[in-house]
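Trainee: next one to model:
(chains A and B)
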Amino acid sequence: MKMLAVLRTPKKLNRSFTVSFLLFALLALFGAFMALPLIYAVNNAFKPLDELFIFPPRLFVNNPTMDNFFDLVALMGNSWVPLTRYIANTVIITIVGTAGHILLASAAAYPLAKYRFLGAKTLFSIVVLSLMFSGHVTAIPNYMVMSWLGWINTHASIIVPSLAFPLGLFLMKQFMEQIPDALLEAAKIDGANEYRIYWSIVMPNVKPAWLTLMILQFPMLWGTDGGSFIYSENLKTLHYALGQITQGGIARAGVGAAVALILMVVPITLFIISQSSVIQTMATSGMKE
Amino acid sequence: MQADTATGKAVPKLVQPTKASKWAHTLNELKRNKHYYILMSPYMLIFFLFTVIPVVFSLGLSFFYFNMLEFPRFVGWQNYSRLFLNDDVFMIALKNTFMFAVITGPVSYIACFLFAWIINELSPKIRAIMTLIFYAPSISGNVFFIWLIVFSGDSYGYLNGFLIKYGFMLEPILWLTNEKYILPIVILVQLWLSLGTSFLAFIAGLQTIDQTLIEAGAVDGINNRWQELWFITLPSMRPQLLFGAVLQITGAFAVADISIALAGFPSVNYAAHTVVTHLMDYGSIRFEMGYASAIATVLFAIMLGTNMLTQKMLRKVGE
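Mentor: Residues are numbered from 1 along each chain as shown, chains lettered A, B, ... in the order given. Down below sits the predicted model:
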């Protein structure tokens, strides 16, 4: 009942009270379904060992402890490949991949959004069409291209393909169409060339779209396990390490929960920070096809 | 340069009216816009190298026998006929994939819209929190291993623990190795993860709806919220609806990671085998690349067909 109080002042039309109540009950129910596993994951990371294996299992932690994180640090020092290496690998892949994607996608989106030239329409249609196939369709030829380039077992095999993520170009192009032509004309009259316009006029104007591309690209790279391209242990990522730790069994269950918390906290925090910009971008970019 | 292009344009026109002038014109265009091509080139180079060429290559390879060691041998439609006539496991995979797609596709699409629609009526602060709750699973760094603990087969698993505690059963159920339960569980987890980008796009779309349209609708005789939804809200969001459909359909047909993480690879009696896990089986384990490419091509054709059908249906919204 409390939830109804937060309803925005009703517009002209009103639903009946029963329907409203049912809708909000539905929202609360599914909200719980969405949130509980995450709440559980957070609680788990702070559970002492005896609480992790209590029967019947409990959702919330009774005596929170930081032991799991200390164990993680201890484990880090002892293992053959230190955990910091996994973290560093993940951070490198994610930062280079995300920043590079924003840079390349917006460089390609600017001409497509603002000018008409030979091939522009065709190229954009191919990008839109490619939204429709899953990465698995290209997995095999991709592997061949990688081995031909000699990129197997390097981070480039994860980073480079992700730079040309089609969804990013699509959203960036739609957003750039909002930039007034007069602004670009003025810059041209002042003697700026296309690269200068792209870098000093267009880029600063699409900052909300940067965040959107970031929030789409970041979790994908952050959660990558290295796929079928990386074999060396010291090039693997945090998500892969998590798999190894959770397979370690009972003694490591707490450490696994701690790693999982680190894995999920970063992208979620990022989304909290960027939420309003992301929704603004998607609202104003009038996704036309 | 200006003079060059001027003559280059004019002279061939006089001599050879059609072909040469066309070429000169094209060349001229390319030259004039060269900065745009340079700006686009890094993205397009990578995009073509890792997306477009692989797709085309995969289409071509599906007509060959290729095992990565010997030179490819042309076999025509043989891969396809084997796939549809002789491969029982593919039929299971196809059936499972359609089960996934038919359930998770529409359900998650409607859920994305329904929740976005309800959330949109809340005050801004609560709206932000609810958006986060619904969107968080899809970005939480693949932590769906949490569900492994929920459905764990011993009495420490959450579901087993609760069911035993409250007396619904006496013995724990092996959820993830019992054929009966695997597919529904994978579908459930897929739904949990599927409120992603399209959900955000719908929330954004709802915020841009012109309030005057709603007022005008009220004057024109729209008298309940359901009519408002069908005649005003949905048509105003058509771009976002189309965009969301593309993403949800692709996601629904490409289920594999969750199936592998929860049910193993291969799953018990192929109960959670999908077209993509079948593709992985032949591509990265058996190295029958031509055959795997044929599977990929079939998957691509299914996705494309479904997308076109859905787009057609969505254009009828509000009519």
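
Trainee: which positions within stretch B:162-176 qualify as buried?
Mentor: For stretch B:162-176, the neighbour count (16 or more other C-beta atoms under 10 Å in any protein chain shown) marks B:163-164, B:172-173, B:175-176 as buried. From N, CA and C alone the C-beta is placed, and that goes for glycine too.

Trainee: I'd like these laid out as CSV, including secondary structure.
Mentor: Output for those, formatted as CSV (DSSP: H, G, I helix; E, B strand; the rest coil):
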residue, secondary structure
B:Leu163, helix
B:Ile164, helix
B:Pro172, coil
B:Ile173, coil
B:Trp175, helix
B:Leu176, helix
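
Trainee: which of those are close to chain A?
Mentor: B:Ile164 (C-beta under 8 Å from any C-beta of the partner chain).

Trainee: just the buried residues of stretch B:162-176 now: which is nearest A:Asn89?
Mentor: B:Leu176 (30.0 Å; C-beta to C-beta).

Trainee: wait, the closest one touches B:Gly153, no?
Mentor: Yes: the pair B:Leu176 / B:Gly153 is scored as a contact, 6.6 Å apart, by C-beta atoms under 8 Å.

Trainee: list the contacts for the nearest residue to A:Met203 once chain neighbours are set aside?
Mentor: Distances taken as C-beta to C-beta, 6 or more residues apart in numbering or on different chains place A:Ser106 nearest to A:Met203, at 6.4 Å, with adjacent residues excluded. Shown in contact with A:Ser106 (C-beta atoms under 8 Å, 6 or more residues apart in numbering or on different chains): A:172, A:176, A:198, A:202-203, A:206, A:209-210, A:213.

Trainee: those residues in strands, which ones?
Mentor: Judged by DSSP state E, strands contain none of those.

Trainee: related to what we said a few turns ago, could you dump the buried residues of stretch B:162-176 to a markdown table with pLDDT?
Mentor: A markdown table is the format used below for the buried residues of stretch B:162-176 (pLDDT from 0 to 100):
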| residue | pLDDT |
| --- | --- |
| B:Leu163 | 80 |
| B:Ile164 | 79 |
| B:Pro172 | 75 |
| B:Ile173 | 76 |
| B:Trp175 | 78 |
| B:Leu176 | 78 |
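
Trainee: widest-spaced pair of the buried residues of stretch B:162-176?
Mentor: Checking the buried residues of stretch B:162-176 with C-beta to C-beta, the most distant pair is B:Ile164 and B:Leu176, at 17.2 Å.

Trainee: before we move on, the earlier item: distance to B:Glu121 for the buried residues of stretch B:162-176 - can I get that in CSV?
Mentor: Rendered in CSV, the data for the buried residues of stretch B:162-176 read as follows (distance: C-beta to C-beta, whole Å):
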residue, distance to B:Glu121
B:Leu163, 36
B:Ile164, 41
B:Pro172, 42
B:Ile173, 40
B:Trp175, 37
B:Leu176, 39
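
Trainee: which among the buried residues of stretch B:162-176 gets closest to chain A?
Mentor: Nearest to chain A, judged by C-beta to the nearest C-beta, of the buried residues of stretch B:162-176 is B:Ile164 at 7.2 Å.

Trainee: quick one: low-confidence parts of the stretch 101-250 of chain B?
Mentor: B:141-143, B:155-156 (pLDDT under 70).

Trainee: my understanding was that A:Tyr86 contacts A:Tyr240; is that so?
Mentor: Yes: the pair A:Tyr86 / A:Tyr240 is scored as a contact, 7.1 Å apart, by C-beta under 8 Å.

Trainee: who wins for neighbours among the contacts of A:Ser106?
Mentor: A:Ala209 (29 neighbours; other C-beta atoms under 10 Å in any protein chain shown).

Trainee: can you tell me the SS state at B:Gly167?
Mentor: coil.

Trainee: return the backbone torsion pair for it.
Mentor: The phi/psi pair for B:Gly167 (degrees, to the nearest 10) reads phi 80, psi 20.

Trainee: and it, how close does it get to B:His25?
Mentor: 82 Å (C-beta to C-beta, to the nearest Å).

Trainee: on that earlier part again, can you list the contacts of A:Ser106 in TSV and add pLDDT?
Mentor: Listed next are the contacts of A:Ser106 as TSV, based on pLDDT from 0 to 100:
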residue	pLDDT
A:Met172	89
A:Met176	88
A:Tyr198	89
A:Val202	89
A:Met203	89
A:Val206	87
A:Ala209	86
A:Trp210	88
A:Leu213	88
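
Trainee: and the residues you listed, which two are the farthest apart?
Mentor: A:Tyr198 and A:Leu213 (15.7 Å).

Trainee: can you pull out the strands in chain B?
Mentor: Using DSSP E, strands in chain B cover B:64-65, B:73-74.

Trainee: partner strands of the last one, parallel or antiparallel?
Mentor: The one in question is strand B:73-74. The pairing partners recorded for strand B:73-74 under DSSP bridges are strand B:64-65 (antiparallel).

Trainee: name the residues that touch stretch B:297-308?
Mentor: Residues contacting stretch B:297-308 (C-beta under 8 Å, 6+ apart): A:132-134, A:136-137, B:55, B:58-59, B:62, B:80, B:83, B:101, B:105, B:245-246, B:249-250, B:253-254, B:275-276, B:279.

Trainee: an error on my part: the question was meant for stretch B:88-106.
Mentor: Here stretch B:88-106 has contacts from B:83-84, B:183, B:186-187, B:190-191, B:194, B:248-249, B:251-253, B:255, B:270-278, B:295, B:306, using C-beta under 8 Å, 6+ apart.

Trainee: and for stretch A:36-48?
Mentor: By C-beta under 8 Å, 6+ apart, stretch A:36-48 touches A:52, A:59-61, A:63-69, A:254, A:257-258, A:260-261, A:264, B:136-137, B:140, B:143, B:146-147, B:149-150, B:158, B:192.

Trainee: count the neighbours of residue 68 for me.
Mentor: Since no chain was named, I'll use chain A. A:Asn68, neighbours per other C-beta under 10 Å, totals 23.

Trainee: that's the wrong chain, I meant chain B
Mentor: Neighbours of B:Met68 (other C-beta under 10 Å): 12.

Trainee: same deal with A:Ala35?
Mentor: 16.

Trainee: for it, give me its contacts.
Mentor: Applying C-beta under 8 Å, 6+ apart, the residues near A:Ala35 are B:133, B:136.
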